[in-house]
Structures are given as C-alpha cells and as structure tokens.
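# with the input below, show me the fold.
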Amino acid sequence: MRTRRLTILLTCLALAFAGTLALAGDSADEGPGTEKRITMTAQNWKWIPDVIRVKKGTKLTIEFQSYDASHSFVLKAYKIKHPLPEGSRSEISFVVDKAGEFPWKCGRPCGDGCPKMRGRLIVEE
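Just a heads-up that it's a prediction; the model follows:
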C-alpha cells in the first residue's frame, strides 16, 4: 500500500512538473493548424494543471489520468463532457476556435471536494 501511494505521489509530481513546463512554453508558434498536447491529472479534488493557455485555432489534445476516484471533465463552452473512470487514462482532442476564458469542472459527484475541482482554458487571439 505504501509503495502504491509513493508511486502515485511521484507520478503526480512528474505530471505537475511537465504541465508547468507546457504552460511556461512560448505559445507564439501556436495558432491555426498547430497542435498542443497536455497531460492532466484528476486527483484529490484538483486538476493538475488547472489552467491551460493556447492560441485560437490550435488543436488541443488533453490526456487525462484519474487516480483516486471516477471524475468527469466538463467544458461547457465546447460542449465536452468526458468521463474519467478511476485508474484510467483517456484523451480528447478539439480545435479551440473561440477566444476567451472558459471554465471547466468535474461533472461527477466524487466527494466533498468535488465543487473545488475547477480550472480554466484561456484562448488567446
């Protein structure tokens, strides 16, 4: 049990670091016809990362990992509701074709912290 927790913790730290690098990257080369891939973790009532920043016209692929419970990624502005079963990996792809700031949330009651599971997609012109 202790080994599994350590493995999960190390994986989350690695993903958080990778997500930070992806967010910190220069997005000047993004836009129509380009692609961006993000790895996102749903765990302990939070999203890692909880902000994604892209240029309008970019094809965004989000690879999800859910460890502690089943969750659901809901991004209403893009009509996305994607189930994330516990212990699973999955991905979605879509073109970000609207500029602005769009919230996402967990759409499945997964515990007391579920209302805290929120994030933002920021799409720049």
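# would you mind measuring from the residue minimising distance to the centre of the chain to residue 33?
Ranked by distance to the mean C-alpha position of the chain (CA atoms, centre = their mean), the top residue is residue 40 at 3.8 Å. Here the criterion is CB to CB, to the nearest Å. By it, residue 40 lies 23 Å from residue 33. Just so you know, the C-beta spots here come from the backbone N, C-alpha and C atoms, and that holds for glycine as well.
# swap in residue 66?
From residue 66 to residue 33 the distance is 31 Å (CB to CB).
# those two: which is more packed in?
Taking other CB atoms under 10 Å, residue 66 and residue 33 do not tie; residue 66 has more neighbours (23 against 9).
# check contacts around the more buried one.
Listed by CB atoms under 8 Å, 6 or more residues apart in numbering, the contact set of residue 66 reads 41-43, 84-88.
# repeat that with 7 Å
Under the criterion of CB atoms under 7 Å, 6 or more residues apart in numbering, the contact partners of residue 66 comprise 42, 84-88.
# in TSV: the residues you listed, plus pLDDT.
Rendered in TSV, the data for the contacts of residue 66 read as follows (pLDDT from 0 to 100):
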residue	pLDDT
42	91
84	92
85	91
86	90
87	89
88	88
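# of those residues, which is the most crowded?
residue 42 (26 neighbours).
# surely it meets residue 84?
Yes: in this structure residue 42 lies within contact range of residue 84 using CB atoms under 7 Å: 5.5 Å.
# spit out the contact partners of residue 81.
With contact taken as CB under 7 Å, 6+ apart, residue 81 is in contact with 72, 74, 107.
# pLDDT value on it, please?
Per-residue confidence (pLDDT) for residue 81: 96.
# which helix or which strand is home to it?
Using DSSP states H and E, residue 81 maps to strand 80-84.
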